[in-house]
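Chemist: Sequence and predicted structure are below.
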Amino acid sequence: MSEMTEPTTEFEPRITAFVCNWCTYTGADMAGTSRMQMASNVRIIRLPCTGRIDALFIIKAFERGADGVIVSGCHPADCHYTAGNYHARRRFIVFRELLSFMGISNERVIFSWVSAGEGAKWREVVNETVERVRALGPFTAYHELASRQMVGGAYETEVELPDVREAPAEAGGAS
Amino acid sequence: MARIGVFVCHCGENISRTVDCSGVAKALADHPGVAVSMDYKYMCSDPGQNLVKQAIEEHALTGVVVAACSPHMHEKTFRRAASQAGLNPFVVEMANVREQCSWVHEAGPATDAKAIDIVRTIVEKVKNNAPLETVRIPLTKRALVIGGGIAGIQAALDIADGGAEVVLVEKEPSIGGHMSQLSETFPTLDCSQCILTPRMVEVYQHPRITLYTHSEIEAVDGYIGNFHVTVRKKARSVDERLCTGCGDCQAACPNRKIPSEFDAELGTRPAIYVPFPQAVPNIPVLDRENCTLFKGRAKGREKDLCGKCKEACLRSAIDYEQQDELIDEKVGAIVIATGFKLYTIGREQPEGLSGYPEYNYGEIPDVISGLQFERLASASGPTGGRIVRPSDGTVPKRVVFLQCIGSRDPEKGISYCSKICCMYAAKHTMLYRHKVHDGQATVFYMDIRTAGKGYEEFVRRAIEEDGADYIRGRVSRMYRDGDTVKVVGYDTLAGEPAILDADMVVLCTAIRPHKGNKNLGRKLSVTYDQYGFISSAHPKLRPVETTTAGVFVAGACMSPSDIPDSIASASAAASKVLGMFSGDELEREPTVAIVNERTCIGCFNCEKVCPYGAIEHIDVCNRDNEICGHVARVLPGVCQGCGTCVATCPSKSVELQGFTDEQIFAEINALLTW
Amino acid sequence: MSLAYYPGCSLHGTAREFDESMRAVADALGIEMTEIDDWSCCGASSAHSSNHLLGVALAARNLALAEAEGRDAVVAPCAACFSRLAMARQEVAEDEELAASLPGILERPFDNTVDVLNVVQLLLPYAESIRELVADGPGFSAVGQMKVASYYGCLLVRPVGVAGADDTEVPTTMEQVASACGAQPVAWNMAVECCGGSLSMSRTSSVVRLGRAIIDDARRAGADAIVVACPMCHANLDFRQVARAEDGGTVPVIYLTQLVGLALGIDAEKLGLNRHFVDTSPLLVELADRATSAEADAAAKAAAKATRAGAVV
Amino acid sequence: MESSTLHSNEDDIASAVVRHQEAHGAPHVPASSVRMSLIDEVYARSGVNVRTCYQCGKCSAGCPMMGEMAVRPHVVMHLVQRNQRAEALSCDGIWLCLSCETCSARCPKSADPARVIDTLREMATETNPGLAPRAIGAFNKTFLDQIRSKGRMSEVGLAMQFNLRSGRLLQDATSMPALVSRGKLKINPPSMRDIDDVRRIFANVEAATRDARSKGGYR
């Protein structure tokens, strides 16, 4: 059976995916209706359009412990809002340089186009990203920052933050 | 404190087969802010929805999260149920644990953990959801129809019959469009004038239709429900209120040799003219370019050289001083129905197209276009319906028709098929046979396309009963040979050359959109394709809507269409307009952007990225009421909620309701708290 | 504009008169052209039919030679040579791989900077000066009476984008030069129909059939002569027609350069007009008569007008 | 990933053709070990995508030699589309073609029949020079031999050799005197000096063609 059910001694990366509602989210749904099995490391956050994705979301994801981020939306010219994906593309070309400056390697952020009909392609993006980030290992650069941030941080959330995760040996995941 | 209800669905066993639904419900029960958390076999069933309603009342819930299928499936269902229980629908969200979790993973701790994460994310988001009211924008229940061909006429009549007012603007002196130039129409061969003229009169007499002919659209701004249109009513030099259409002025006009546009340059008309007998309105127009008096004035002569029409008019309706008039109209919806024009094979072509040098660029007198043949065959035509050769007026005994002239010819710049030529060519062979019994019609074709109702039978009748001779192959060259035309073609089925001497050749030239579509598209921010046809919002599912809300499209300005297509798309556009006008106000999803006008610095980056032009400039006044700056404001009616402006705003002054930064950060934080 | 001259193989043999009249007209109009030193055959249709690259290479060698001599353009009177040189030039311009490999094949540098002109393209800019020179000449010249059918054939107007003609089906450049000479172009239908070109030897029957259709149409259009600008067209319309004279009348076929030469007053002998198979001398005599009678009519009419004006006063 | 060298060149070539075609918008060609289809070989050699031809017959209608051809230009195009290699390379249509470009000038689909026929002639000469009708084959061979031997073509030499090779010993002999009297028969026209330069071009072209054929995958 797939490697997911092996004993989780291996590092299980945590991936956040920012996807557009009209194309990639619907593509992910289509992968569901076709019962396409894929890695379960990815958590999807739905936005109306990739144009809506602020670069801060990606950095916040890494700050809060993500090991990899996927950004995926409509193919050029398919955007439901005609031009949202073009603005996103332009914005993220510039953002990539900023990433390395902020200590996040470009390998950890994956940009892709997945249309509403490309369920198979979404599975590929998920599985490939999980394998690629697994090879890169956990992203620990921001962990201390994250814990300090929570205590006096701007974004107070009512959730009590359990202790910060140890090194990769103790795999996260279980609730 | 938030009081959120979490409802985990089994979906029969679609979810519960790989996700421990009760475990997820239990896990969420003690999540801060969750007032009640339960699971049930079929949440979307009536009992399931009643569970939600009871929980809302019992626990005075401030938010609901249904962990089940994709929001695209049942978000509307649960939002409607919640609003029936008195809860604002926009604090209800779906957590997608079926398509994006149970269906794509095997049972196991990782899958359960993912399900819990998904639900927790949406719970955190809902905590930050604000109750929203649907956006209501005022609506002017008047529609503007641009173009008075059969599509424009049909749309105007349908909308007006539906109770709304219509402003119909037509560039030519009379409505009727190309259909009024036709003799008979396929596949029924009923006379075009007989089925069109009543509709034209109906438009003229309709109490709710305001008709502007000899007029064009000067400018359009505003947005759905609130368009502000400026119509340029070009000077007719005739006072419409006084003129009775008696025709004395036309009879008196000495300058009668002007080629008639209506007769496709086959006939002539006087300087002051009504294009055709059944014109609506039956009020002449003075063609100032060709009128001797105006040409004299243009050259600066003080004494007018003519004035015969004015003298002949007993009601002194002729007014040489009449100027163009700019009229403002407020409308709620616009239907573009600007129709088509025909490709000509001549030397001068708009860029990207080329003519037919191999057919001598159409400089052979007896080589005419399909529309010119229609005029010859039409009773109101220049020859009174007699099919004769334009060169010497004799009756042609051998007429050759050439299909696909321009169409399906990428080398000439047009690769599409114009759809109507196969049918009207067959019709022409019939009309010709009915009028010239011993005449022989030959048609050079590649593939005959007759997909409409009764179309195939119609063409077969032309071949089998009326004896049209169909040759499969294209013509390589045509040249004048004495007073006949040598047609050098080939018969690919017989494998033999087909070189004919024709008395007259009719070219079935391609349908082209009007040049005006381009700047009309710019005025209405409507897109058009590489040929200039107006693009619809979705070619299959939203054919008569455009990407601009409130602007619809009908007839041949979208793509080559025959009369049934034009009527169908016109009525479809009309039904869309009437649907829009059904309420007193326009209701729109509230997921629109809102500008915080206190922090907005007026850089208008948002305006640059907004694909819909939904940003408005608002004056900001200081204490002594002088304008000291501008800030942005989002027009709720036009904004479609894409959120690009939110991510672009340098001062974070714009928020997209339903997807605010608060909500997104809450989701991120919920996902990655340990 | 420094011009190279590429005569091609036929201008030393069967098309001598084209070469002679070309040089005479060039001198008269002050056009300097220098023959490319050690030029070679362009390969015509046999080369590109058997190997496309060979066709390009043989033609390109001559372009490379002209380039080495620092020429701006090369004039190729023979339409076939013109077409091969122009085709080579265009293919090299559009295909980088070919442009990179060709110098190796030619074993000489080649940057494809030389332009290619046919006779019509050469003479067109001089049409005004020809018109002025003709105006100084005798008022009613023989050429002024000549009705000419301009025959382009195929390679002066096609392939599209290579031949650089003003129109592929309804060209007017030769008519412009002819009317500058005072001749009267006639409207006819076979201006761009092919004369049979390369099959002249291997399938003469076809060439005669094609030539016959062209000659008949010229006669139907009332042309006194057909003007050509290609030795193959000339051979197929002049030499091949006479060989089968019995099946219909013939029409004198002259080169455009000979027409311009006549208009400029250069004597027929020097232009090689006596080398044609269809004898041109009877035509020249008849045109001279027409000119004199036209002159006489004009004089008579002028006199009559003067008397009528005299009578009125 | 560096592609393994054991790769047969079929796949490289086919993918090269595919990349080339996709760049030019032509349909995708499945890589297969079967010999390259005629339509793909014509594409690889000339860049013309014969699939665009929709058999409208306009080329045959305007072809000056159509009346004398058994297989006319649009049928030649169809043979290429139907992968009828033997028929296409042995038909008379490709040899009676005058290369007058009328067909390609008027073709509505830029299927360039003239270039396709020229390519088929080249392929026919490569597979078997005997395929050409005797007189036309003789003319072309004599013409090229003249250039190879003298750098320039002398009409007298061409006529004599052609007559010998084509077996029409006395063709145009009767007009010999008329040609001489008009000074049109130059027995020895000015000859070229560096004839080897031309011969080397012939050799280099042959070499370049061989390696193009192997690289392009059409044998």
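Modeler: Happy to help now that I have it.
Chemist: Quick check: phi and psi at residue 87.
Modeler: I'll assume chain A. Note on residue A:87: backbone dihedrals following degrees, to the nearest 10 are phi -60, psi -40.
Chemist: Would you enumerate the residues in contact with it?
Modeler: By CB atoms under 8 Å, 6 or more residues apart in numbering or on different chains, the residues touching residue A:87 are A:51, B:609, B:644, B:647, B:648. Glycine gets a C-beta too; all of them are placed from N, C-alpha and C.
Chemist: neighbours of residue B:568, just the number please.
Modeler: 17 (other CB atoms under 10 Å in any protein chain shown).
Chemist: list the helices and strands the helix or strand containing it packs on?
Modeler: Assessed by DSSP states H and E, residue B:568 sits inside helix B:563-580. Applying 3 or more CB pairs under 8 Å, 6 or more residues apart in numbering or on different chains; DSSP states H and E, one finds that helix B:563-580 contacts helix B:150-161, strand B:333-336, strand B:551-553.
Chemist: Okay, angle between the first one and helix B:563-580 too, please.
Modeler: Direction vectors for helix B:150-161 and helix B:563-580, defined by axes from the mean of the first three to the mean of the last three CA atoms, to 10 degrees, enclose an angle of 30 degrees.
Chemist: which other helices and strands contact helix B:150-161?
Modeler: Using 3+ CB pairs under 8 Å, 6+ apart: helix B:150-161 touches strand B:142-146, strand B:165-169, helix B:192-205, strand B:209-212, strand B:333-336, helix B:563-580.
Chemist: do you know how far the closest residue to residue C:255 other than its chain neighbours is from residue D:61?
Modeler: Leaving aside its chain neighbours, residue C:255 sits nearest to residue C:18 (4.9 Å; criterion: CB to CB, 6 or more residues apart in numbering or on different chains). Residue C:18 is 33 Å from residue D:61, where distance means CB to CB, to the nearest Å.
Chemist: Residue B:462 now?
Modeler: Per CB to CB, residue B:462 is found 23 Å from residue D:61.
Chemist: Which of these two has more residues huddled nearby?
Modeler: Taking neighbours as other CB under 10 Å, residue B:462 and residue D:61 compare with residue D:61 leading, 29 against 24.
Chemist: That one against residue B:489, yeah?
Modeler: Yes. Taking contacts as CB atoms under 8 Å, residue D:61 lies within contact range of residue B:489: 5.2 Å.
Chemist: Find residues that contact each of these two.
Modeler: B:473, B:474, B:475, B:476, B:497, B:498.
Chemist: The closest residue to the first one other than its chain neighbours: neighbour count?
Modeler: With CB to CB, 6+ apart as the measure, residue D:57 is the residue that lies nearest to residue B:473, at 3.6 Å, once sequence neighbours are left out. Neighbour count of residue D:57, defined by other CB under 10 Å: 29.
Chemist: cool, and residue B:277?
Modeler: Number of residues near residue B:277 (other CB under 10 Å) recorded here: 11.
Chemist: Before we move on, what's the pLDDT of the residue lying closest to it once chain neighbours are set aside?
Modeler: Leaving aside its chain neighbours, residue B:277 sits nearest to residue B:380 (5.5 Å; criterion: CB to CB, 6+ apart). Note for residue B:380: predicted pLDDT of 90.
Chemist: Next up, the contacts around residue B:380.
Modeler: By CB under 8 Å, 6+ apart, residue B:380 lies in contact with B:193, B:276, B:277, B:278.
Chemist: Go over the secondary structure and confirm it is in a strand.
Modeler: No. Applying DSSP: H, G, I helix; E, B strand; the rest coil, one finds residue B:380 to be coil, outside a strand.
Chemist: Now do the same contact list for the residue of the stretch 51-200 of chain B found nearest chain D.
Modeler: Minimum separation of the stretch 51-200 of chain B from chain D (CB to the nearest CB) falls at residue B:186, amounting to 24.0 Å. Residues in contact with residue B:186 (CB under 8 Å, 6+ apart) are B:423, B:424, B:426, B:427, B:455, B:458, B:562.
Chemist: what about 6 Å?
Modeler: Residue B:186 sits next to B:423, B:427, B:458 when contact means CB atoms under 6 Å, 6 or more residues apart in numbering or on different chains.
Chemist: Which one of the contacts of residue B:380 is nearest to chain C?
Modeler: residue B:276 (35.4 Å).
Chemist: Look up how far residue D:113 lies from the residue nearest to residue B:473.
Modeler: Counting by CB to CB - residue D:57 and residue D:113 are separated by 11 Å.
Chemist: Which members of the contacts of residue B:380 are classed as buried?
Modeler: B:193, B:276, B:278 (16 or more other CB atoms under 10 Å in any protein chain shown).
Chemist: Is the second one in contact with residue B:260, as I believe?
Modeler: No. Between residue B:276 and residue B:260 no contact is recorded; they are 9.0 Å apart, counting by CB atoms under 6 Å.
Chemist: How about residue B:41, nearest residue that isn't a chain neighbour?
Modeler: residue B:10 (4.6 Å).
Chemist: show me what contacts the one you found?
Modeler: Taking CB under 6 Å, 6+ apart, we find residue B:10 in contact with B:16, B:21, B:41.
Chemist: Output the below-cut-off pLDDT ranges for chain C.
Modeler: Chain C contains residues with pLDDT under 70 at C:139, C:242-248, C:311-313.
Chemist: near chain D, which residues of it?
Modeler: C:9, C:12-14, C:38, C:40-41, C:45-46, C:49-54, C:57, C:105, C:107, C:154, C:158-160, C:168, C:194, C:197, C:201-202, C:206, C:210, C:275 (CB under 6 Å from any CB of the partner chain).
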